[in-house]
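Trainee: need the 3D shape of this:
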Amino acid sequence: MATHTTRQTASTLLTTSRCLRRQTPAAARLLAVPSARRCMHQEQQPPAEAAPSAGISYRPMINRNRAPFSLRGSKPFAINEDPEKLDTMYQSLLGGNPGLSEEIKLQAVTHKSFDHGWQPYNEKLAFFGKLVLQMHTSLHHLATRPESLGPRKPHTAPTENDANGPVLKPFHHPDYHYLTFVNRQNVLDTLSAGKLGHLVRVVGLPEVMRWKPADTNDLVRSGQTDVAVECLYAIIGAVALRRGGDVAGRLVRERILSVLGSPLRSTE
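Mentor: Numbers count the residues shown, from 1 in each chain. All right, here's what the predicted structure looks like:
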């Protein structure tokens, strides 16, 4: 004899089957909506990304629908479209072939304001590159003897004489004094916005970076120098990630710190 639970389950299944057979056309349409949505979702799947093409017109993201004109009436801002001009800037800054792909070279000079962030931009590369630059600047200060200390002198262990003979003092090397010059203020003075801004203008970085100024009639007030310095940080970060820390350190020492002189101040 069937149990009560078995009879109840069979009754439920029978009732459900009768309701499905007696469904109205409207209910059938409602039941068919999820499958239609799934079909639409499958049809609208973005196509596979094509292989990146060489040149400055590389666009890794999918083209999206845009309005035929700007609703805010903003003026168009022309950016560099010449890949040779971009390569010339890299040659001037790095002193040779950077060893970076075309995509990375474009991303390093692309600010997040460009194209509403649809293109890969350099925010994370700039964050990493700034840390690399500050670290090598501190190492440069540690290895550089300030002119105020004069020439190096041979080190001899200091002694004192007492009734029992000479007594040695605790060892203290003169180079330990350089640690007082490794401080935040000296790093900020060496990597000031004015010095880095002059460097990026000399190599022509503002002319090749991709960004959207707030006021096309006043680029300086829109932060052109700050954006160019961020691109410089991003280039350093890209070199460090792609070619290693040794190459990035040599780049910082030979191509950046060599032209950014700054008097060091001790914390003592």
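
Trainee: how about the secondary structure of residue 77?
Mentor: Using DSSP: H, G, I helix; E, B strand; the rest coil, the secondary structure recorded for residue 77 is coil.

Trainee: test my guess that it contacts residue 216.
Mentor: Yes. In this structure, residue 77 is within contact of residue 216 by CB atoms under 8 Å, at 5.1 Å. Yep, even glycine has a C-beta here, placed from its N, CA and C like the rest.

Trainee: so, low pLDDT: which residues of the stretch 51-200 of the chain?
Mentor: Across the stretch 51-200 of the chain, the ranges flagged by pLDDT under 70 are 51-74, 145-177.

Trainee: before we move on, the earlier item: any common contacting residues for residue 77 and residue 216?
Mentor: Residues touching both residue 77 and residue 216 (CB atoms under 8 Å, 6 or more residues apart in numbering): there are none.

Trainee: quick one: the strands in the stretch 101-250 of the chain, in order.
Mentor: 159-162, 165-168 (DSSP state E, counting those that start in this stretch).

Trainee: residues in contact with stretch 239-256?
Mentor: So stretch 239-256 is in contact with 93-95, 98-100, 104, 125, 128-129, 132-133, 136-137, 139-140, 199, 236, going by CB under 8 Å, 6+ apart.

Trainee: please list the members of these that lie in helices.
Mentor: Among the contacts of stretch 239-256, the residues falling in helices (DSSP state H) are 93-94, 104, 125, 128-129, 132-133, 136-137, 139-140, 199, 236.

Trainee: of those, buried ones?
Mentor: Neighbour-count burial (16 or more other CB atoms under 10 Å) applied to those gives 93-94, 104, 125, 128-129, 132-133, 136-137, 140, 199, 236.

Trainee: want to throw the residues you listed into a markdown table with distance to residue 258?
Mentor: Formatted as a markdown table, those follow (distance: CB to CB, whole Å):
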| residue | distance to residue 258 |
| --- | --- |
| 93 | 13 |
| 94 | 13 |
| 104 | 25 |
| 125 | 23 |
| 128 | 22 |
| 129 | 18 |
| 132 | 16 |
| 133 | 13 |
| 136 | 12 |
| 137 | 12 |
| 140 | 10 |
| 199 | 11 |
| 236 | 15 |
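
Trainee: quick check, nearest of those to residue 220?
Mentor: Within these, proximity to residue 220 (CB to CB) peaks at residue 199, which comes in at 16.5 Å.

Trainee: can you tell me how far that closest one is from residue 119?
Mentor: The gap separating residue 199 from residue 119 is 25 Å, by CB to CB, to the nearest Å.

Trainee: got it, and residue 180?
Mentor: Taken as CB to CB, the span from residue 180 to residue 119 is 45 Å.

Trainee: more neighbours: which of these two?
Mentor: residue 119 (17 against 14; other CB atoms under 10 Å).

Trainee: on that earlier part again, which of the buried ones among the ones in helices among the contacts of stretch 239-256 lies closest to residue 81?
Mentor: Nearest member of these to residue 81, counting by CB to CB, is residue 104, at 18.3 Å.
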